[in-house]
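A.B. asks: Predicted model and sequence below, questions to follow.
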Amino acid sequence: MARTFHRKERLGVLSEINVTPLIDLAFALLIIFMITAPLLEQTISLELPLETQNPQSADARERFQTISLTADGRVYWGERAVSKEELSGLLEDLAAQPERPVIHLRAAAKLPYQGVINVIDLIKQNDLTAISLDTGVR
């Protein structure tokens, strides 16, 4: 007895669309956006010190505040220029919040070391302990 392997409905119509590739594309775009969005906020041009190892990736769920120090001693809170007194007040406001953000400290490579230490002292005086020192990569 021989078997036949012919299908009865060869030209059947598919009435469903496979959306799995579209969902994969959406998740890929979401991940790309989550990675590049924090990088777009760094608009103050600084020549950062270089490190030889690969930088560690930050947790996307963490809030952060950027403090930038230029080579001529100016201090920026995000993109806004502030004085040392204003910086102290802003750090006090951060210390009063229940969820304290990670502070990204960006300092120009030509800035004297004492300038960086002075800002770190201000941060520590307000009991803020999550500090990230941003560097460039070779």
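C.D. replies: Looks like it arrived, so ask away.

A.B. asks: Specify the beta-bridge partners of V102.
C.D. replies: F64 (DSSP bridges).

A.B. asks: tally of neighbours for it?
C.D. replies: 16 (other Cβ atoms under 10 Å). C-beta: built from backbone N, CA, C; applies to glycine.

A.B. asks: again, but for V75
C.D. replies: What V75 shows, counting by other Cβ under 10 Å, is a neighbour count of 20.

A.B. asks: do the same with G136
C.D. replies: Other residues close to G136 by other Cβ under 10 Å number 13.

A.B. asks: and if you look at L69?
C.D. replies: For L69, the count of nearby residues is 20 (other Cβ under 10 Å).

A.B. asks: all helices of the protein, in order?
C.D. replies: 20-40, 84-96, 113-125 (DSSP state H).

A.B. asks: Make CSV out of these and add mean neighbour count.
C.D. replies: Below are those laid out as CSV (neighbours: other Cβ atoms under 10 Å):
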stretch, mean neighbour count
helix 20-40, 10
helix 84-96, 14
helix 113-125, 14
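
A.B. asks: Nearest to I103, out of those helices?
C.D. replies: Among the helices of the chain, the nearest to I103 by Cβ to Cβ is helix 113-125 (5.9 Å).

A.B. asks: who does that closest one touch, helix- and strand-wise?
C.D. replies: strand 64-69, helix 84-96, strand 102-107 (3 or more Cβ pairs under 8 Å, 6 or more residues apart in numbering; DSSP states H and E).
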